[in-house]
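Below are the sequence and a predicted model; questions follow.
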Amino acid sequence: MVEATILKAVEAALAKSKEQGRKFKQTVDLAINLKNVDLSIPKNRIEEEVPLPHGRGKGVKVAIFASADLAARSRGVADTIITPDQMNELAGDKKRFKKLVDGHTFFLAEAPLMPTIGKTLGVVLGPRGKMPRPLPPAADPKPMIENLRRTVRVRSKDRRTFHTVVGSEDLGADKIAENIELVLKRVEVKLEQGRNNIESAWIKTTMGPAEKVV
C-alpha cells in the first residue's frame, strides 16, 4: 500500500491543478533534494532508469541504430531508425545529430555497432546520458522499446537537486503515487543512508504549485 503522505501530496497537487483550469494534459514531476552526499565523487551520483508501474502518461520517442534485418523488424515499433550509412552522415553533421538526440528520450543499438557509435557519436550521446542500450542483431526490439516507453531516467549528475517525470495528471492520484514510491525506493537503495540522505521531495504539475512528498 502506498504511503499516505505521498498520496495526500499527489491529491493536493492534482486538485490545485484542476482549480487553474488548464486545458492541456499536464506532466507530473518529482524533485528530489539530497543531503550529506558528496556528489563530486562519481560513485555517489544517482544514475537510474526506472520502469514505472503505471507508465509515464505521455509517450516518449525511442530511436534505434540498426542495419538491414534489425532495421526491418524495428519499423512501426521504433520512432526513428538510424542505419550505418546515416550514422556516417550524422557524424559529419553534429548540429543535426544534436537535434535528433534532443528529440528522443532513449536509444537502442545493434550490438556490433556499439564501438563505432562510441567513437563517432558518443561525444553527443554521452554527456546527455543517452548512450544506447545494446541489442543482439537477432533480437525482437518490440519488448525493449515498449519497456522504455514507460521508463524514466533519474539522474543527479553532481547536483543535489534533480528531477524526473512520474506521470501525467490523467493517470489519477493512486497510480501517480505508486510511481513516485517506486522512484524514491530506487533512489534510496543507491544512497549510503537510504531515506536519511533525502532532505526532501516535492511534486508538481507542469503549471501548478509544488507539494511536499517527503
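Sure, I can see it. Source: prediction; values computed, not measured.

what kind of secondary structure is residue 72 in?
Three-state assignment for residue 72 (DSSP: H, G, I helix; E, B strand; the rest coil): helix.

What is the burial count for it?
Around residue 72 sit 10 other residues, with neighbours defined as other CB atoms under 10 Å. The way it works is simple: take the backbone N, C-alpha and C, and place the C-beta from them, glycine included.

now residue 14
The number of residues packed near residue 14 is 22, by other CB under 10 Å.

now do the one 4 residues further on
Burial measure for residue 18: 12 neighbouring residues, criterion other CB under 10 Å.

And the helices in the protein?
4-19, 68-74, 84-91, 94-102, 114-120, 122-125, 141-148, 173-190 (DSSP state H).

To residue 131, which of those lies closest?
The minimum distance between residue 131 and these falls on helix 122-125, with 5.0 Å, by CB to CB.

Tell me the helices and strands packed up against the closest one.
Counting by 3 or more CB pairs under 8 Å, 6 or more residues apart in numbering; DSSP states H and E, the packing neighbours recorded for helix 122-125 are helix 94-102.

need the contact list for residue 153.
Listed by CB atoms under 8 Å, 6 or more residues apart in numbering, the contact set of residue 153 reads 48, 49, 50, 105, 129, 164.

In those residues, find the pair that's most separated.
Among those, the pair separated by the greatest distance (CB to CB) is 48 and 105, at 14.5 Å.

Contacts made by stretch 162-171 with the rest, please.
Stretch 162-171 is contacted from outside by 14, 17, 25-32, 46, 50, 52, 54-58, 152-156, 175-176, 179-180, 183, 203, 205, using CB under 8 Å, 6+ apart.

quick one: which of those residues sit in strands?
Using DSSP state E, 27-32, 50, 152-155, 203, 205 are the members of the contacts of stretch 162-171 that sit in strands.

All set, thanks.
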